[in-house]
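> fold the following for me, if possible:
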Amino acid sequence: QIGLARGELQAGREDIALAEFQRAFELDSDKTVAILEVARIHSHRAKTWPQAEAAYREYLQRRPEDPGAWLELGRVLALQKKSAEAADIFGRPDVQPKMTAKDQRDFSFALVRAGRLDAAEVLLKKLLVTQSNDFDLEVQLAGIYSSRRAWDHALPLYQSLLRKKPADSRVNLTYGLGLLSLKRYREALGPLEKARNSMPGDGEAGLGLARALKGAGDLKKADREFERVLP
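Below is the predicted model:
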């Protein structure tokens, strides 16, 4: 039965293979290879990620010593934004040697989403040594610094990001708000105006621009922007 299922899988007929692997598991529930293959097939589609997670957990109850399966479960959890548990699995000593560069990247994002910013910062810095052009990694690191209001570290990163993507609305917004918090009003006007123009319904962008205009002494424009953003 497992041989038949593997043949269907090799032929690219995943749905048929899935049914055959499930049949093999029903015939002998100790056949852990069958439930592992069921988990892997389910992991290929977003709508069946919960089934993949359940199958991986069932397999790992029988084979908890399998680091490869733990890694695959971590990937499925990360895809579902179950960040805290995904980070726990990615951080396992037996899983770490099996992780790819993409897994390490996903690990850093999971740490950020789980609020483990100190660990995320260490990993992001390490990854950026070899992946210095990865825009999203740099955004995450800049976001950690801005959340701490460590603008001396954050602002240079945002400047670097805007050289790569000068129209990015979220980067412009956070960069502008950082300048605003330091009372560098005129410097904040450009990025905040870009953010407001690209996100006219964003109250934070409009309010930031209004405050920067007020700080820069342009009270008429500030008044109009306060009125626009107030609703």
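
> can you map out the helices along the protein?
2-10, 14-27, 32-42, 49-62, 67-79, 83-90, 101-113, 117-130, 135-147, 151-164, 169-181, 185-198, 203-215, 219-229 (DSSP state H).

> with mean pLDDT and mean neighbour count added, can I get those in JSON lines?
All C-beta spots, glycine's among them, are computed from the backbone N, C-alpha and C. Formatted as JSON lines, the helices of the chain follow (pLDDT from 0 to 100; neighbours: other Cβ atoms under 10 Å):
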{"stretch": "helix 2-10", "mean pLDDT": "75", "mean neighbour count": "15"}
{"stretch": "helix 14-27", "mean pLDDT": "76", "mean neighbour count": "18"}
{"stretch": "helix 32-42", "mean pLDDT": "86", "mean neighbour count": "22"}
{"stretch": "helix 49-62", "mean pLDDT": "94", "mean neighbour count": "18"}
{"stretch": "helix 67-79", "mean pLDDT": "97", "mean neighbour count": "21"}
{"stretch": "helix 83-90", "mean pLDDT": "97", "mean neighbour count": "20"}
{"stretch": "helix 101-113", "mean pLDDT": "96", "mean neighbour count": "20"}
{"stretch": "helix 117-130", "mean pLDDT": "96", "mean neighbour count": "16"}
{"stretch": "helix 135-147", "mean pLDDT": "96", "mean neighbour count": "19"}
{"stretch": "helix 151-164", "mean pLDDT": "95", "mean neighbour count": "16"}
{"stretch": "helix 169-181", "mean pLDDT": "96", "mean neighbour count": "22"}
{"stretch": "helix 185-198", "mean pLDDT": "96", "mean neighbour count": "20"}
{"stretch": "helix 203-215", "mean pLDDT": "96", "mean neighbour count": "21"}
{"stretch": "helix 219-229", "mean pLDDT": "94", "mean neighbour count": "14"}
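
> ok, and the closest non-adjacent residue to R148?
Leaving aside its sequence neighbours, R148 sits nearest to L117 (Cβ to Cβ, 6 or more residues apart in numbering; 7.8 Å).

> my guess is that neighbour contacts Y145, does it?
No - taking contacts as Cβ atoms under 8 Å, L117 lies outside contact range of Y145: 9.6 Å.

> got the contact list for W151?
Residues near W151 by Cβ atoms under 8 Å, 6 or more residues apart in numbering: 145, 178, 181-182.

> pick out the most distant pair among these.
Y145 and L182 (13.4 Å; Cβ to Cβ).

> before we move on, back to that, so how far is G143 from the residue nearest to R148?
9 Å (Cβ to Cβ, to the nearest Å).

> also R116?
In terms of Cβ to Cβ, R116 sits 14 Å off from G143.

> and what of Q96?
Q96 is 25 Å from G143, by Cβ to Cβ.

> could you find the closest non-adjacent residue to the most centrally placed residue in the chain?
In the chain, the centroid-proximal residue (Cα atoms, centre = their mean) is F109; its distance is 4.2 Å. Computed as Cβ to Cβ, 6+ apart, the closest residue to F109 that is not its neighbour in sequence is Q140, at 6.6 Å.

> I'd say the one you found and A120 touch.
Yes - at 7.1 Å, Q140 and A120 qualify as touching, with contact defined as Cβ under 8 Å.

> what residues are shared contacts of those two?
108, 112.

> any idea of the pLDDT on N133?
With respect to pLDDT, N133 scores 87.

> and it, its phi and psi?
Dihedral angles of N133 (phi, psi; degrees, to the nearest 10) stand at phi -90, psi 10.

> burial count for it?
Using other Cβ atoms under 10 Å, the number of residues around N133 comes to 8.
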